[in-house]
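Engineer: Any chance you can model this:
(one chain, ligands or ions: 1)
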Amino acid sequence: MTKRVAIFISGSGSNMVKLLDSMHGDHPARPCVVLSNDPSAKGLERAEARGVPTEVVRHQPFKGDRDAFEHAITGALAHHAPDIICLAGFMRKLTAGFVDPWRGHMLNIHPSLLPKYKGLHTHARALEAGDSLHGCTVHEVTPALDDGPILGQAEVPVQPGDTVETLSARVLVQEHRLYPAVLERFARGDKRPILLR
Ligand code: GAR
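Structural biologist: Numbers count the residues shown, from 1 in each chain. Okay, the predicted model is just below:
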């Protein structure tokens, strides 16, 4: 049966666009909603332009009450009935109260070769460490930040003279290849990790 996919964003939604554009033909999934915590997220317009329903659940009114924020997200999702959630640049931490019921059905993309560089500023940290290899990871979401079983990674060699801007741009190109590839396999029930070079 075709899987229904909710995509959570906070910003430009370039990964979201790649996921939306991949779900056609004999792909085992279709988008059902794009949700953002930020009403000004550029990705919302991009989703609407593709005819995908959108929802906004602002985090500010909840002022640190994560349970209430997550309860509101659950409410916004209800009538879209997703089977899978893809976090795609969704910059809010989700607690176990939300994550646990979605275990095995929620993915995230992170701009580092996990387990290296969980959290923020991944490109700067890779450059500071003098790494020769950087990249991105798609993983199942568990309550621990940027943790959970790895479903795919894409490598990006660091080049002499790289800056955060040049490196992050090359990582993003790989994110756009990796996330659709992982989602397609995952939606077929195949959790074997993918490695892209
Ligand atoms: C992507 O690089 C994604 O890996 C990162 O945010 C960016 C979103 O870009 N996610 C995280 O850092 C999550 N910890 P996009 O909105 O253009 O897809």
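Engineer: check contacts around the closest residue to the ligand within the chain.
Structural biologist: Closest contact between the chain and the ligand, by C-beta to the nearest ligand atom, is at Gly89 (2.6 Å). Every C-beta, even on glycine, is put in place using the N, C-alpha and C of the backbone. Counting by C-beta atoms under 8 Å, 6 or more residues apart in numbering, Gly89 makes contact with 9-16, 43, 109.
Engineer: Near the ligand, list only the ones from the residues you listed.
Structural biologist: Among the contacts of Gly89, proximity to the ligand is found for 9, 11-16, 43, 109 (C-beta under 6 Å from any ligand atom).
Engineer: For these, please prepare JSON lines with the additional fields secondary structure, neighbour count and pLDDT.
Structural biologist: Formatted as JSON lines, the ones next to the ligand among the contacts of Gly89 follow (DSSP: H, G, I helix; E, B strand; the rest coil; neighbours: other C-beta atoms under 10 Å; pLDDT from 0 to 100):
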{"residue": "Ile9", "secondary structure": "strand", "neighbour count": "28", "pLDDT": "98"}
{"residue": "Gly11", "secondary structure": "coil", "neighbour count": "17", "pLDDT": "97"}
{"residue": "Ser12", "secondary structure": "coil", "neighbour count": "14", "pLDDT": "97"}
{"residue": "Gly13", "secondary structure": "coil", "neighbour count": "23", "pLDDT": "98"}
{"residue": "Ser14", "secondary structure": "helix", "neighbour count": "18", "pLDDT": "98"}
{"residue": "Asn15", "secondary structure": "helix", "neighbour count": "25", "pLDDT": "98"}
{"residue": "Met16", "secondary structure": "helix", "neighbour count": "29", "pLDDT": "98"}
{"residue": "Gly43", "secondary structure": "helix", "neighbour count": "25", "pLDDT": "98"}
{"residue": "Ile109", "secondary structure": "strand", "neighbour count": "24", "pLDDT": "98"}
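Engineer: Check whether the longest helix along the chain comes near the ligand.
Structural biologist: Scanning the chain for the helix with the most residues, using DSSP state H, yields helix 164-187. Yes - judged by C-beta under 6 Å from any ligand atom, helix 164-187 and the ligand are in contact via 172, 175.
Engineer: Which SSE is immediately downstream of that helix?
Structural biologist: strand 194-196 (DSSP states H and E).
Engineer: buried sites along that following strand?
Structural biologist: Ile194 (16 or more other C-beta atoms under 10 Å).
Engineer: Check which helices and strands that strand sits against.
Structural biologist: strand 150-157, helix 164-187 (3 or more C-beta pairs under 8 Å, 6 or more residues apart in numbering; DSSP states H and E).
Engineer: distance between that strand and the chain's centre?
Structural biologist: 17 Å (C-alpha atoms, centre = their mean, to the nearest Å).
Engineer: Can you give me the pLDDT of Ser132?
Structural biologist: pLDDT recorded at Ser132 is 98.
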